[in-house]
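Asks: all I have is the shape, not the residue letters:
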């Protein structure tokens, strides 16, 4: 498989001379940020002994987690001179006075002392220390380990018997010094690795940006932090999970602008197992580096993201197991940086989306405000038109009312003298003029009443009167019409107290509208008018007929102005459709309600719910 980066590619396939070295469990899983684990803990967690750091005076600046496991004292409590509480009193002075020398580079040292365990017993430990700054003539800080020697064998009880201790172990002094020197170098290398990791993290923090910039920063920082690395490759898993894609290259300038190559098998081995892999070449090959190492980029939160690989083109010893461990830790740090960059990019996209949504909402709000202003303007125009209409109706009603009263008055005068002046045919014609004039007068009065109600110029004039007498008088007005149509009319007044306080004239107008409609639309059967008490303060007036009824779709509109069930010009029942609208408005002004129940061809029932006494101060306009 060949992967591409720009116009360059890197090859795969191992040669026969390739050697793989696998390291298992290089470092423990990287914990979440803020869990209390330090960079020193992550680097030195592979050392089974207690790792410490102190300044030249013995003031402890770092104790690894192994200290707490061994002594039972928290690492933070052992900092400064707190660790001396666990050192045997006879050994504290020697432990605080490491040998001083003027030689360069400064030499390492070892001291045998007794350290108290968490169980309370003292065990012999070997303190080994090396300068943390070997390039300086003056030791500013020591770094070292405490090694439990009881596991070998305790043969002496006095710290002066250190040479005997070595002889009882069956080792020569030369072997002991060689082992001490190896341990000191290990500690020195651990300090150097920590410094390299610090440089790596600092570079990443300073170059943080978008994901592409972070990936390139990882590659560049790895080359800068690891001394033996001439180049670094960052390969991330593709979104379809079908392969690794080369995403960044560091140190390409060391190869005359060409993209350095690492075997695909090396990358896939590290990615598939999660273990760092070391490779060295025994023979020269222009396509392959002399030494290479790959480690997985992974975190406990997001899993494996890709692979971090380094290489050296000429020196096969430039990359060793210690570099392998350091690269594994850097891979985990790189995963944190990549996850942070992706989170930041996601947050930026969400912020951009939120800004777009806010802009859209602002535009919608502006459009709604424009529509609101247009609606308000239209409302004002409609109110003005309604006002003009009401004024026109009011004016025209008055203009029509004067000649109509004259027509009715002259018609009545002619009918009184018909025997002397009119023939029979002329008398019939004058009678028609009188009846039509009265009908027209009713329509004009309805229009005038509606205009007054809409303009708020209608006022109720309350008085006390007998409701039973009013209901009976109105019913008697329509008795002859009902009799002519062979329709029975029944009146029932069931009131303990028939006196009420209301506008007698307006309530009569409501009853006339309801009863006249009942007579108009009933051709057979009966009409019943009932007045009864609902409770002590309210009354119910019911007008029920067995007429043509009202279909359900029309019942919601019968109280609308100018509405009739039959809107055709050739309708059977004439009228303006204002009677029920005026009645509903008047009943509302009386603080009452009017309802209807009806079925086609079975009749209608109108109910008026009124207070026994209306309060002029609470009348609804």
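Replies: Thanks, I have the structure now. Predicted model, so just to flag it, every value in this text is computed and none were measured.

Asks: beta partners of residue 531?
Replies: Note on residue 531: beta-bridge partners by DSSP bridges are residue 493, residue 541.

Asks: brain fart, residue 141
Replies: With DSSP bridges as the rule, residue 141 is bridged to residue 55.

Asks: list the contacts of it.
Replies: Listed by C-beta atoms under 8 Å, 6 or more residues apart in numbering, the contact set of residue 141 reads 53-56, 61, 131-133. Bear in mind the C-beta positions are built from the backbone N, C-alpha and C, glycine included.

Asks: want to throw those residues into CSV with neighbour count, pLDDT and distance to residue 461?
Replies: Compiled in CSV, these are given as follows (neighbours: other C-beta atoms under 10 Å; pLDDT from 0 to 100; distance: C-beta to C-beta, whole Å):
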residue, neighbour count, pLDDT, distance to residue 461
53, 22, 90, 104
54, 24, 90, 107
55, 13, 87, 106
56, 13, 82, 111
61, 15, 90, 101
131, 24, 85, 114
132, 23, 80, 108
133, 16, 74, 110
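
Asks: out of those, which is nearest to residue 527?
Replies: residue 61 (108.9 Å; C-beta to C-beta).

Asks: surely that closest one touches residue 51?
Replies: No: using C-beta atoms under 8 Å as the test, residue 61 is too far from residue 51 to be in contact (11.9 Å).

Asks: and the helix or strand residue 93 falls within, what does it pack against?
Replies: Using DSSP states H and E, residue 93 falls within helix 92-96. In terms of contacts (3 or more C-beta pairs under 8 Å, 6 or more residues apart in numbering; DSSP states H and E), helix 92-96 is packed against strand 109-116.

Asks: apply 10 Å and report the result again.
Replies: For helix 92-96, the contact count by 3 or more C-beta pairs under 10 Å, 6 or more residues apart in numbering; DSSP states H and E identifies strand 109-116, strand 122-131 as packing neighbours.

Asks: next, the buried residues of that helix.
Replies: Of the residues in helix 92-96, 92, 95 count as buried by neighbour count, 16 or more other C-beta atoms under 10 Å.

Asks: which residues does that helix contact?
Replies: Outside helix 92-96, the residues that touch it by C-beta atoms under 10 Å, 6 or more residues apart in numbering are 54, 57-59, 81, 83-85, 87-88, 111-115, 125, 127, 146, 159.

Asks: for the residue of the chain positioned farthest from its centre, give its distance to residue 604.
Replies: Distance from the C-alpha centroid of the chain peaks at residue 420, with 95.7 Å (C-alpha atoms, centre = their mean). When distance is defined by C-beta to C-beta, to the nearest Å, residue 420 is 48 Å away from residue 604.

Asks: residue 400 too?
Replies: In terms of C-beta to C-beta, residue 400 sits 31 Å off from residue 604.

Asks: again, but for residue 131
Replies: Taking C-beta to C-beta, one finds residue 131 at 111 Å from residue 604.

Asks: show me how far the helix or strand containing residue 147 is from its chain's centre.
Replies: Assigned by DSSP H and E, residue 147 belongs to strand 141-148. Relative to its parent chain, strand 141-148 has a centroid offset of 53 Å by C-alpha atoms, centre = their mean, to the nearest Å.

Asks: what average pLDDT does that strand get?
Replies: Average pLDDT, strand 141-148: 89.

Asks: residue 357: neighbour count?
Replies: 10 (other C-beta atoms under 10 Å).

Asks: which residues touch it?
Replies: By C-beta under 10 Å, 6+ apart, residue 357 has no neighbours at all.

Asks: just the helices in the stretch 201-350 of the chain please.
Replies: Under the criterion DSSP state H, counting those that start in this stretch, the stretch 201-350 of the chain carries helices at the ranges 211-225, 264-273, 321-416.

Asks: can I get these in JSON lines with distance to residue 508?
Replies: Output for these, formatted as JSON lines (distance: least, C-beta to C-beta, whole Å):
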{"stretch": "helix 211-225", "distance to residue 508": "87"}
{"stretch": "helix 264-273", "distance to residue 508": "98"}
{"stretch": "helix 321-416", "distance to residue 508": "20"}
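
Asks: quick check: which ranges of the stretch 301-450 of the chain have low pLDDT?
Replies: 418-419 (pLDDT under 70).

Asks: follow-up on the earlier one: okay, residue 400 and residue 604: which has more neighbours?
Replies: Using other C-beta under 10 Å, the more surrounded residue of residue 400 and residue 604 is residue 604, with 24 against 16.

Asks: any idea which helix or strand carries the more buried one?
Replies: With DSSP H and E as the test, residue 604 turns up in strand 603-611.

Asks: show me what that strand is packed up against.
Replies: Using 3+ C-beta pairs under 10 Å, 6+ apart, strand 603-611 sits against strand 499-502, helix 504-521, strand 526-533, strand 538-545, helix 579-589, strand 593-599.

Asks: parallel or antiparallel, list what pairs with that strand.
Replies: strand 538-545 (antiparallel), strand 593-599 (antiparallel).

Asks: can I get the ones you listed in a markdown table including mean neighbour count, distance to residue 471 and mean pLDDT?
Replies: Conversion of these to a markdown table gives the following (neighbours: other C-beta atoms under 10 Å; distance: least, C-beta to C-beta, whole Å; pLDDT from 0 to 100):
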| stretch | mean neighbour count | distance to residue 471 | mean pLDDT |
| --- | --- | --- | --- |
| strand 538-545 | 20 | 7 | 95 |
| strand 593-599 | 15 | 16 | 93 |
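
Asks: now those strands in JSON lines, with distance to residue 289?
Replies: Below are the strands paired with strand 603-611 laid out as JSON lines (distance: least, C-beta to C-beta, whole Å):
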{"stretch": "strand 538-545", "distance to residue 289": "102"}
{"stretch": "strand 593-599", "distance to residue 289": "96"}
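
Asks: between the ones you listed, which gets nearest to residue 243?
Replies: Here strand 593-599 is closest among the strands paired with strand 603-611 (C-beta to C-beta), at 77.7 Å.
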